[in-house]
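Undergrad: 3D, please:
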Amino acid sequence: MSFSSQVKNELVKIEYDSTCCKKSLLYGMTLFSKVFSYREIVFQTENENTALLYKRLLKELCNIDTRIAVSPSGKSFSVAISDSATAAKLQTYFGHDRGETSVKINFSNFVCSRCQRAFLAGVFLSCGTVSSPEKGYHLEFSVAYMNLSKSFVTLLQELELSPKITTRKGYHIIYFKVSEQIEDCLYIMGASTSMFDMMNIKIVKEIRNTANRKANCEAANIDKMVRAASPQIAAILKIKEKRGLSSLPDSLRQMAEVRLENPEASLQELSQMFEPPLSRSGVNHRLARLTRIAAEIE
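TA: Numbering: from 1, shown residues only. Next comes the predicted model:
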């Protein structure tokens with residue numbers, strides 16, 4: 001199941017006690033449906049539970065009987081009101097009249113403080129999608145009419161959300177790409193479980209990214225130390241092959257043996273392997289002497 005489907009399945013299960021909130025939910029689903037006119041209203045979704053909810057609300061609130069049409073692929077569900085008289089009845093129910101020159105939100109439908117939240121849930125059920133937080137952060141609404149998209153942005157701003165706007169294939173896209181804004185939007189709609197799931201996934205991703213950055217940093221440091229140690233080890237091996245380590249003074253012989261046994265150790269780490277411990281500069285000085293001895297052998 002996609003994350004969008006998870007959110008929609010959570011939204012359709014919300015029980016609204018007041019009729020005004022149920023009306024606002026149905027209004028959001030209807031106003032942002034595929035077709036919204038006095039001649040015809042067509043609600044289309046890929047989520048069967050959403051189509052069942054739409055059909056039920058039409059019957060409960062408007063006494064409109066409809067049927068759900070399933071596409072041949074079984075992936076799309078439509079609820080159509082093709083009778084112009086019934087379509088006009090539904091438009092009038094939401095306070096729209098035949099003389100309107102453009103489609104906009106009729107804010108008079110919102111009676112209580114929770115109506116806008118229910119409306120937002122309806123809009124998402126109709127034309128909203130959200131990407132999986134595992135892949136990225138993106139929530140969008142695809143709106144057919146420009147003035148409708150503008151009034152919707154106004155509503156979102158009243159809910160203290162700050163969407164971005166663009167166009168795609170003739171549609172007005174209202175979207176969020178900041179995780180905190182998406183979480184707020186999910187919470188306002190009523191999808192709190194999905195919001196917490198998203199937050200948990202984000203926390204895991206941040207922990208994983210931090211661990212990866214730390215591992216990459218450690219790997220880079222190890223690589224740096226190995227590159228620095230390589231000429232030292234090459235010098236020691238040359239001395240061992242040509243003269244033998246026993247030819248060295250005890251202090252240098254011990255340094256050579258410790259370096260060969262610990263090729264990835266830093267100078268500081270090497271300094272602690274002696275009894276008593278050497279200073280970092282002391283280790284560096286002895287290794288430099290070994291390098292010079294190897295050069296003299298050449």
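Undergrad: Could you list which residues are in contact with residue 186?
TA: Neighbouring residues of residue 186 by CB atoms under 8 Å, 6 or more residues apart in numbering: 7, 130, 139, 192, 194-195, 198. Placement of C-beta: from N, CA and C, glycine included.
Undergrad: Check these against residue 105 and report the nearest one.
TA: Residue 105 lies nearest to residue 139 out of those, by CB to CB, at 19.1 Å.
Undergrad: Ramachandran angles for the residue lying closest to the closest one once chain neighbours are set aside?
TA: Distances taken as CB to CB, 6 or more residues apart in numbering place residue 130 nearest to residue 139, at 4.2 Å, with adjacent residues excluded. As for residue 130, its main-chain torsions (degrees, to the nearest 10) stand at phi -140, psi 140.
Undergrad: cool, and residue 168?
TA: According to degrees, to the nearest 10, residue 168 has phi -150, psi 120.
Undergrad: For it, name its beta-bridge partners.
TA: Residue 168 has these beta-bridge partners by DSSP bridges: residue 171.
Undergrad: do you know how far it is from residue 174?
TA: 11 Å (CB to CB, to the nearest Å).
Undergrad: if I pick residue 9, what's in contact with it?
TA: 1, 47, 49 are the contacts of residue 9 under CB under 8 Å, 6+ apart.
Undergrad: ok, and the most crowded of the residues you listed?
TA: Neighbour counts for the contacts of residue 9 (other CB atoms under 10 Å) peak at residue 47, which has 19 neighbours.
Undergrad: That residue - nearest residue in space that isn't next to it in sequence?
TA: In space, residue 47 is closest to residue 8, 4.7 Å off (CB to CB, 6+ apart).
Undergrad: Which helix or strand contains that neighbour?
TA: In this assignment (DSSP states H and E), residue 8 forms part of helix 3-11.
Undergrad: And the contacts of the host helix or strand of residue 155?
TA: Assigned by DSSP H and E, residue 155 falls within helix 146-158. Identification of contacts with helix 146-158 by CB under 8 Å, 6+ apart yields 31-32, 102-105, 107, 116, 119-120, 123, 141, 143, 162-163, 165, 172, 174.
Undergrad: That concludes my questions; thank you for your assistance.
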